[in-house]
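# fold the following, please.
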Amino acid sequence: MTTATSTDRQDDLDLEQGCYVYGVVSDSAPEPAAAQGVGDPPAPVVLVRHRGVAALVSEVDPTASLGSPADLRAHASVLDTVAQHAPTLPFRFGGVVRDVQAVTDELLDPFGDTFAAALEDLG
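Below is the predicted model:
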C-alpha cells in the first residue's frame with residue numbers, strides 16, 4: 001500500500017487484498033497517518049469515506065491467519081489512537097470484507113445513517 005493524501009489514499013488500496021475494518025468515524029476525521037494495522041507486515045490504516053462517515057481500514061491478505069497478540073494490540077492501538085482525535089465507533093476484532101467496494105456497498109451505504117446518528121450522540 002502506498003502513502004497518499006487524505007483525498008486519494010483509499011484509491012491506493014489493492015483490490016486483490018481484503019479490507020480489515022477497525023471502526024467508523026465521521027468523514028471529517030483526520031487521516032490516521034501513522035497508524036499501522038493488523039497483519040504481517042502491517043499495512044497503513046486509511047479512511048474509506050462515504051456520505052458523511054468513514055471506515056477505518058487496512059489491507060490484509062485474505063488467506064493469512066489473524067489473531068496473534070500483535071494483531072490484537074494493533075487493532076486496539078488503531079482505535080485508541082483515532083479515538084483521541086475523533087468520536088469512534090469501534091468494531092470487534094476480526095472484521096474483514098472482500099475489498100474497498102464492499103466496505104462502501106455492504107457497510108457504509110446501508111448503515112451510514114445509523115453510524116452518523118451514533119457518532120453525533122458521541123460528539
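
# low pLDDT regions in this structure?
Of all residues in the chain, those with pLDDT under 70 make up the ranges 1-16.

# show me where it has its strands.
18-26, 46-50, 53-60, 89-90, 96-97 (DSSP state E).

# now the first one, how far from the chain's geometric center?
The reference is to strand 18-26. Relative to the chain's own centre, strand 18-26 is displaced by 2 Å; criterion: Cα atoms, centre = their mean, to the nearest Å.

# with the last one instead?
Centroid separation between strand 96-97 and its chain, computed with Cα atoms, centre = their mean, is 10 Å.

# same question for the fourth one.
If you compare the mean C-alpha spot of strand 89-90 with that of the full chain, they lie 10 Å apart, counting by Cα atoms, centre = their mean.

# equivalent analysis for stretch 45-53, please.
Taking mean C-alpha positions (Cα atoms, centre = their mean), stretch 45-53 and its chain are 8 Å apart.

# buried residues in that stretch?
By 16 or more other Cβ atoms under 10 Å, the buried positions in stretch 45-53 come out as 45-50, 53. The C-beta positions use only the backbone N, C-alpha and C, and glycine is treated the same way.

# format the residues you listed as TSV; extra columns: distance to Asp121.
Formatted as TSV, the buried residues of stretch 45-53 follow (distance: Cβ to Cβ, whole Å):
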residue	distance to Asp121
Val45	24
Val46	25
Leu47	21
Val48	22
Arg49	20
His50	20
Val53	14
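
# what is the nearest of those to Gly94?
Val45 (15.6 Å; Cβ to Cβ).

# in this structure that closest one contacts Pro32, no?
Yes: here Val45 reaches Pro32: they are 4.7 Å apart, a contact under Cβ atoms under 8 Å.

# joint contacts of the two?
56, 78 (Cβ atoms under 8 Å, 6 or more residues apart in numbering).

# now Ala35, nearest residue through space, not along the chain?
Ranked by Cβ to Cβ, 6 or more residues apart in numbering and with sequence neighbours excluded, the top spatial neighbour of Ala35 is Val45, at 4.0 Å.

# what is the end-to-end distance of stretch 104-111?
Taking Cα to Cα, to the nearest Å, the first and last residues of stretch 104-111 lie 10 Å apart.
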